[in-house]
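Student: The sequence and its predicted three-dimensional model are supplied below.
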Amino acid sequence: MPRDDTLAGIDSRTVDTDRLETHYLESGTPNGADKTEGTVVFIHGNVSSSRFFEDVMTDLPAGYRAIAPDLRGYGDSETKPIDATNGLRDFEADLRALFAELDLEEPVTLVGWSNGGGVAMRYTIDNPEAVANLVLINPLSPYGFGGTKDEEGTPCFDDYAGSGGGLGNEEFVAGLAERDRGEEGQSSPRKVLRTFYVDPSYVFDEEREGSYLTGMLDTATGDENYPGDAVESENWPGVAPGENGVNNAISPKYCSLEEIVDVDPDEKPPVLWIRGDSDQIVSNESVFDVGTLGRMGQVPDWPGEDVFPPQPMVDQTRAVLEDYANAGGEFEEVVFGNTGHAPHVEVPGDFRDELEGVLDG
């Protein structure tokens, strides 16, 4: 159902596509209106929703239409299983169905945050002619999340142990399932929001924090959604990816976004890569990566740096984007200081300036 608590200037809508009942937020100039400049599509990350984009959607340049959908299993969209063996293609196909239902004018500007950056890359790989610009905010590495050890995305083990649905924090998942809005516990959703989604020095507006927390709690949990299922492994740390759920869909076993390099040079959209310099979720030493936790002594029997180092996520993204540029594309990296995983929330004015630069060409 549409929401009644959006910011001024934001409309909440729900539409049935041939794949999913999809909720989305909308602002700006609709299709067919005079002076339509184009459409900007904001794609949220894991354990979040379109709510995280409301603030930046309220002040886009004149003539632009903004769309921010809730992906399957998130926000106010329908919950359906995620087939991890397709990588991120379930989300991509849902987007294509939504765009067709809304009759969006193409090409669009895709803005993908975290896992949403992975979805945006997947969409660009498969539909490059439909993408005018690609903006990646602290994106998922092109080699997925966890279980790889170098810039080339070499897996630590053949079964991709150390990635996937078996590594979800049980306390955090329980907090989501119970819709816990409290402040107790190091892994409560509110604590995770304050500590890891943003730089720890960032202070939320109380009302906005409440909305973002709701966006986290509106995450479908379980083996078919977040975090997903798992199988036992003889390799450290004892679990490998299953075949269902979002954390398996972003495992390097199924997620291969380095293919973006191979997009035809004539169809490669320019890429703006924005990241916060204090991001703890997507970094070269992510505290959500079991390699980092093993090095810190928080996961026992770590096999060591040679076997399972922290995944160099930022270095992997930079290497792939440099290959993308060498293959006929172009990219720019922008780093915001004292900023964590959510620059569009922490420094919305600076983020808008960068986005407007993209839209102005």
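Tutor: Okay, I see it. Numbers count the residues shown, from 1 in each chain.
Student: For the rest of this, base every contact and every neighbour count on C-alpha atoms.
Tutor: Will do.
Student: for the stretch 101-250 of the chain, what spans make up the strands?
Tutor: In the stretch 101-250 of the chain, the strands defined using DSSP state E, counting those that start in this stretch lie at 108-113, 131-137, 221-222, 226-227, 230-232, 239-241.
Student: Tell me, how many residues neighbour the closest residue to Asp223 other than its chain neighbours?
Tutor: Distance criterion C-alpha to C-alpha, 6 or more residues apart in numbering; nearest residue to Asp223, sequence neighbours excluded, is Asp229 at 4.5 Å. By other C-alpha atoms under 10 Å, 24 other residues sit near Asp229.
Student: show me the contacts for Asp229.
Tutor: By C-alpha atoms under 8 Å, 6 or more residues apart in numbering, the contact set of Asp229 is Gly164, Gly165, Gly166, Gly222, Asp223, Pro241, Gly242, Glu243, Asn244, Gly245, Asn248.
Student: now with 6 Å?
Tutor: Applying C-alpha atoms under 6 Å, 6 or more residues apart in numbering to Asp229 gives the contacts Gly165, Asp223, Gly242, Asn244.
Student: Distance check, the second one against Ala249.
Tutor: This means Asp223. 12 Å (C-alpha to C-alpha, to the nearest Å).
Student: Comparing these two, which shows the higher neighbour count?
Tutor: Taking other C-alpha under 10 Å, Asp223 and Ala249 do not tie; Ala249 has more neighbours (30 against 21).
Student: Let me know the pLDDT of the residue lying closest to Ile260 once chain neighbours are set aside.
Tutor: Counting by C-alpha to C-alpha, 6+ apart, the nearest residue to Ile260 once its immediate chain neighbours are dropped is Ile125, at 5.2 Å. As predicted, Ile125 sits at a pLDDT of 98.
Student: cool, and Ala33?
Tutor: Here, the pLDDT recorded for Ala33 equals 53.
Student: now the strands of the stretch 101-250 of the chain as TSV including mean neighbour count, mean pLDDT and distance to Ser283?
Tutor: Listed next are the strands of the stretch 101-250 of the chain as TSV, based on neighbours: other C-alpha atoms under 10 Å; pLDDT from 0 to 100; distance: least, C-alpha to C-alpha, whole Å:
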stretch	mean neighbour count	mean pLDDT	distance to Ser283
strand 108-113	25	98	14
strand 131-137	24	98	12
strand 221-222	20	98	25
strand 226-227	26	98	20
strand 230-232	17	98	24
strand 239-241	27	98	21
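Student: Out of these, which is closest to Pro303?
Tutor: strand 239-241 (14.4 Å; C-alpha to C-alpha).
Student: so how far is the closest one off the chain centroid?
Tutor: Counting by C-alpha atoms, centre = their mean, to the nearest Å, strand 239-241 is centred 21 Å from the centre of its parent chain.
Student: Just the terminal-to-terminal distance for stretch 48-56.
Tutor: The first and final residues of stretch 48-56 sit 16 Å from each other (C-alpha to C-alpha).
Student: same question, stretch 99-108
Tutor: Start-to-end span of stretch 99-108 (C-alpha to C-alpha) is 10 Å.
Student: do the same with stretch 225-235
Tutor: Chord length of stretch 225-235, first to last residue, is 25 Å (C-alpha to C-alpha).
Student: part of a helix, is Val287?
Tutor: No: assessed with DSSP: H, G, I helix; E, B strand; the rest coil, Val287 is coil; it does not lie in a helix.
Student: start at 728 instead
Tutor: OK, 728 is where the count begins now, so the last one is Val1014.
Student: Tell me how many other residues surround it.
Tutor: By other C-alpha under 10 Å, 18 other residues sit near Val1014.
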